[in-house]
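Trainee: Below are the sequence and a predicted model; questions follow.
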Amino acid sequence: MLIGELAAQAGMTKDTIRFYEKLGLVTGRRLPNGYRDFPPETVPWLLYVRTAQTLGFSLAEIARLGEELRDAPDSAAALSELFAEKIALIDARMAQLAALRADLDARVGTGCPLRAGRPAD
């Protein structure tokens, strides 16, 4: 399937697919005329990539995890484990952000934003 058809079926631009190809997320063979030709299974893979991105996974994580999941004997269990790990990272980041917010809140109105708890002059 040519890149234009792939882009239409996956709901992406050709530039996005070229970028993913540059990163190694998708591979296509070159036809004698120089056009890219992708196998049909590239469409569901691109939809997977898009879904994984919306769930907070980076393209580097998707590339690495895609290879791991292909080799996993039970991909549902492997996915559940990945999601649990991502949830733990999100929870940790939320705790960091809550602490940062509390620190910033304590500095509001202190006169010097770099010193907590000092009254304004």
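Mentor: Cool, got the structure. Residues are numbered from 1 along each chain as shown.
Trainee: need the strands for the chain, in chain order.
Mentor: Taking DSSP state E as the criterion, the chain contains strands spanning 29-30, 36-37.
Trainee: what is the rounded mean pLDDT of the first one?
Mentor: Okay, so that is strand 29-30. Average pLDDT, strand 29-30: 94.
Trainee: how distant is that strand from the center of its chain?
Mentor: The gap between the average C-alpha position of strand 29-30 and the chain average comes to 26 Å, counting by CA atoms, centre = their mean, to the nearest Å.
Trainee: tell me what it is packed against?
Mentor: Using 3 or more CB pairs under 8 Å, 6 or more residues apart in numbering; DSSP states H and E as the contact criterion, the elements in contact with strand 29-30 are strand 36-37. To be clear about C-beta, it is placed using only N, CA and C from the backbone, and glycine gets the same treatment.
Trainee: which residues sit against the helix or strand of the chain at the bottom of the mean pLDDT ranking?
Mentor: For the chain, scoring each helix and strand by mean pLDDT, DSSP states H and E identifies helix 59-71 as the least confident one, at a mean of 82. For helix 59-71, contacts defined as CB atoms under 8 Å, 6 or more residues apart in numbering pick out 20, 23-25, 45, 48-49, 52-53, 57, 75, 78-79, 82.
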